[in-house]
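1. need a 3D model of the sequence below.
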Amino acid sequence: MTFPASEIVAVFGGADGALHGVVATPRFGLRHPCGIVLDGGGEHWLVTGHERGFMRITTADLSAAVVAPEPRWWGHSHSALL
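-> Got it, this is the predicted structure:
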C-alpha cells in the first residue's frame, strides 16, 4: 500500500493483515509513491512516484532498488504492467 504524503510503501500480509515492512522511498529517488503493481512473475512490486522516480521492491525480502530516478510520468496515481 502506498502512502504518498508520508513517502512510504507499507507491505501487509494478505493472509494475516499484519504489517511486514515499510520502505521509505525518498532514498531511492521516488517522490510521493502512488502507483504499485506486482510484476508478472510475482517477484517484485513495481512502484511509481507522483513527482519522480520508478523503483522495485523484492517480494521475498522487501529489498528495494532504483529502476529510474528521473521523472518518467507526472501526476499518475496508477500503474499498469504490460
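
2. do you know how far the residue most central in space within the chain is from F28?
-> Taking CA atoms, centre = their mean, the centroid of the chain lies closest to V47, which sits 3.0 Å from it. The gap separating V47 from F28 is 9 Å, by CB to CB, to the nearest Å. C-beta here means a position set from N, CA and C on the backbone, and glycine is covered the same way.

3. can you pull out the strands in the chain?
-> For the chain, applying DSSP state E gives strands covering 2-3, 8-12, 19-24, 31-38, 44-52, 54-58, 64-68.

4. just those strands: most buried one?
-> Stretch with highest mean neighbour count among the strands of the chain: strand 44-52 (a mean of 20; mean count of other CB atoms under 10 Å).

5. in its sheet, which strands sit next to that one, and in what direction?
-> Counting by DSSP bridges, the strands paired with strand 44-52 are strand 31-38 (antiparallel), strand 54-58 (antiparallel).

6. any idea which of those has the lowest pLDDT on average?
-> Of all those, the minimum mean pLDDT falls on strand 31-38 (a mean of 86).

7. now that one against strand 8-12, angle please.
-> Here the directions of strand 31-38 and strand 8-12 differ by 30 degrees (axes from the mean of the first three to the mean of the last three CA atoms, to 10 degrees).

8. run the chain-centre distance for strand 31-38.
-> 4 Å (CA atoms, centre = their mean, to the nearest Å).

9. equivalent analysis for stretch 58-67, please.
-> The mean C-alpha position of stretch 58-67 is separated from the chain mean by 9 Å, CA atoms, centre = their mean.

10. repeat that for stretch 54-63.
-> In terms of CA atoms, centre = their mean, the centre of stretch 54-63 is set 8 Å apart from its chain centre.

11. with stretch 17-35 instead?
-> Stretch 17-35 sits 6 Å away from the centroid of its parent chain (CA atoms, centre = their mean).
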